[in-house]
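Peer 1: Quick one: sequence and predicted model below, then my questions.
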Amino acid sequence: MPRPGTKLPSTARLACPSDAACHSGARLLLRSCSGSANCGGPAMTVVMGRRRCAHWMLLLFCCLLLTSPSHGHRHNRPADAFVGGYGINYGRIANNLPSPDKVVELLRRSKIRNVKIYNEDHTVLDAFKGTGLNLVIAVHNGLLNAFAANESVAIDWLNENVQPYISQTRIVGITVGNEVLGGDPSLAAPLVGAVKNMYDGLKKLHLDDKIELFTPHSEAVFATSYPPSACVFKEEIMVYMKPLLDLFSRIGSPFYVNAYPFLAYLTDPGQIDINYALFQPNPGVVDPNTSLHYDNMFDAQIDAAYAALQAAGYNDMEVRVAETGWASSGDQNQAGPSVENARTYNYNLRKRLFLRKGTPLKPKIPVKAYIFALFNENLKNGDPTEKHYGLFNPDGRISYDIGYSGLLPSSAPASLLSIKEMRAWGWIAHYSAAVILAIFLS
C-alpha cells in the first residue's frame, strides 16, 4: 500500500567417516604392533585407533565449518535475502505497538524469518541483533532527492545505518523509495538517481554482493493487466523504468510489485468474483492468449508483471511481491473489508506460499511475498482501510486465526533458540567441532 513519505544438511552423525573405517584403523594398528615390545599393548593400540578416528572426525567437521553457513558470513549473501516464501511488513505508524524486542519474540514464535521495514530505525536494528531474522530496511521517498543529488549522501547513510550493524544484524536488503513510478511524477527522476547512487555506495563499501537492492512498484506502473499476458508498462514511465530494470537485471535483483487483489475487488466488486480474489473455489479465468488457467487473482497479478517485463525485454527477471494483504475493516459503504475476508485471504495466501510453487506462467519459480502487515497502524492517513491490515494485535495476540502455531508465551526465555534455528545457522557444526577437538587433544 502507498505509505506516507513513501540448507546446513541435516544433523551430521558424530562419528568418523564410517564405523568400519574406525574399526579397521584400530585393527590395522593392532596388526602392525603385533610382536613389538614398544607397542604398549592392546590398550594403547585401541587408544591410538580412537585418536585416529577422532582425527578423521575433526577433519570432517573442519570441512563442515568451511561449507556451512555461519552467523558472521551467511547473512551477507544476497541469495539468502528471502528464506522460504513467506515474509511480513513491519510498519510502525502507530502509538500502541510493542517494543521491537517484543516484536522479535513474536516473530520467532510465529516462525516468520523475513521482515521488511519502511525506514532505518535503530531501535529495530538493535533488536534484530543476533536473531538471524532477515531484515530489509528502507530509504523512504522523502530522501530520494538528496540521494539523487550526491553519492556521498548514500555512503553517509550506509555508514550510519548499515556498517555499524551488519556484523550482527542480518540486513539482507535495502529498498529505495516505495511506489514512486505511477505515483508522484516529481520523484521519478530522483528515484533513478537515488538507486544508482545507492548501488555505487554499496560497491564502494564492498556491500554490493551482500545486500539486495530494489524498489517496490504498485500496479499503477502497468497500462493494462488483463488478461495477464497483455500487461505492459505505461509508456510514459519507461524513460525511468528502463534504467532501473537495466541495473536490476545486471546485478540480479528481482522486480518487486505490490499485489493487492483486495484493492482490485474494492474498485470493481460488481465485475470481480470475490472467491477469485480470496483463493476460494471458483471457475477461474483463462487467458485467451496463452490458454493458461488462473484460479486466483494473486497469481494473475504476478504473471501480469512477468508479461510486462517480457514485453520490455527482461525475460529472466524474477517477480516477487513486496506487499499483499486484505483489510479487516473500512468504511461501511466499502465492499470487501471484513475480518472474515481478511482471515480467508491471509489463511489461503499463507498456505499457497508454503507450497513453494510458481505461477501458471512461471511454474518453476516459487512465489515469494511479504504480507502487509504485522500490526494495525492507528496513526496512518488516507483510506480508512489503511489502518486495518494487521495480522496481530499490539499485545501479540493474533487478530484472526490463519494457522499460526506456537503463539502462546513460551516457558523458555525468548533468547533461547530452537534446535531448528541452531541447525539453520550452523551452530551444531561449530559446537561439535569444538567437542571433537577437545577429545582429540585430551
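Peer 2: Good, I have the coordinates.
Peer 1: Need the contact partners of stretch 368-377.
Peer 2: With contacts defined as Cβ atoms under 8 Å, 6 or more residues apart in numbering, stretch 368-377 is touched by 1, 82, 84-94, 97, 103, 114, 116, 258-259, 320-325, 328, 346, 349-350, 353, 386-394, 399. Using the backbone N, CA and C atoms, a C-beta is placed for each residue, glycine as well.
Peer 1: Which members of the residues you listed occur in helices, if any?
Peer 2: The helices, defined by DSSP state H, take in 103, 346, 349-350, 353 from the contacts of stretch 368-377.
Peer 1: Among those residues, which one sits closest to Gln271?
Peer 2: Set against Gln271, the nearest of those by Cβ to Cβ is Leu349 (22.0 Å).
Peer 1: Going by neighbour count, which of the contacts of stretch 368-377 are buried?
Peer 2: With burial judged by 16 or more other Cβ atoms under 10 Å, the buried subset of the contacts of stretch 368-377 is 1, 82, 85-93, 97, 103, 114, 116, 258-259, 320-325, 328, 346, 349-350, 353, 386-392, 399.
Peer 1: mind listing which of those residues are in strands?
Peer 2: The strands, defined by DSSP state E, take in 86-89, 114, 116, 258, 320-324 from those.
Peer 1: What is the nearest of those residues to Asp295?
Peer 2: Ranked by distance to Asp295 (Cβ to Cβ), these are led by Thr324 at 16.6 Å.
Peer 1: next one: phi and psi at the nearest residue to the closest one once chain neighbours are set aside?
Peer 2: Closest residue in space to Thr324, ignoring its immediate chain neighbours: Ala259 at 5.0 Å, by Cβ to Cβ, 6 or more residues apart in numbering. As for Ala259, its main-chain torsions (degrees, to the nearest 10) stand at phi -110, psi 110.
Peer 1: Equivalent analysis for Thr175, please.
Peer 2: When read as degrees, to the nearest 10, the backbone of Thr175 gives phi -100, psi 140.
Peer 1: beta partners of it?
Peer 2: On the basis of DSSP bridges, Thr175 is bridged to Ala138, Phe214.
Peer 1: what does Phe375 give?
Peer 2: Phe392.
Peer 1: what about Leu191, which helix or strand?
Peer 2: Assigned by DSSP states H and E, Leu191 belongs to helix 188-204.
Peer 1: Alpha carbons of that helix, in CSV - could you do that?
Peer 2: Coordinates of each C-alpha in helix 188-204 appear next as CSV, following Å, rounded to 0.1, in the frame of the first residue of the first chain:
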residue,chain,number,x,y,z
ALA,A,188,10.5,9.6,-10.9
ALA,A,189,13.9,11.1,-12.0
PRO,A,190,15.2,11.3,-8.4
LEU,A,191,14.3,7.6,-7.9
VAL,A,192,16.6,6.6,-10.7
GLY,A,193,19.5,8.7,-9.5
ALA,A,194,19.0,7.6,-5.9
VAL,A,195,19.0,3.9,-6.8
LYS,A,196,22.2,4.4,-8.9
ASN,A,197,24.0,6.3,-6.1
MET,A,198,22.9,3.7,-3.5
TYR,A,199,24.3,0.9,-5.6
ASP,A,200,27.6,2.8,-6.2
GLY,A,201,27.8,3.4,-2.5
LEU,A,202,27.3,-0.3,-1.8
LYS,A,203,30.1,-1.1,-4.2
LYS,A,204,32.5,1.3,-2.7
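Peer 1: Pull the residues that contact it.
Peer 2: Here helix 188-204 makes contact (Cβ under 8 Å, 6+ apart) with 139, 143-145, 147-151, 153-155, 157-158, 174, 176-177, 180-181, 208, 211, 213, 215, 237, 240, 243-244, 247, 251.
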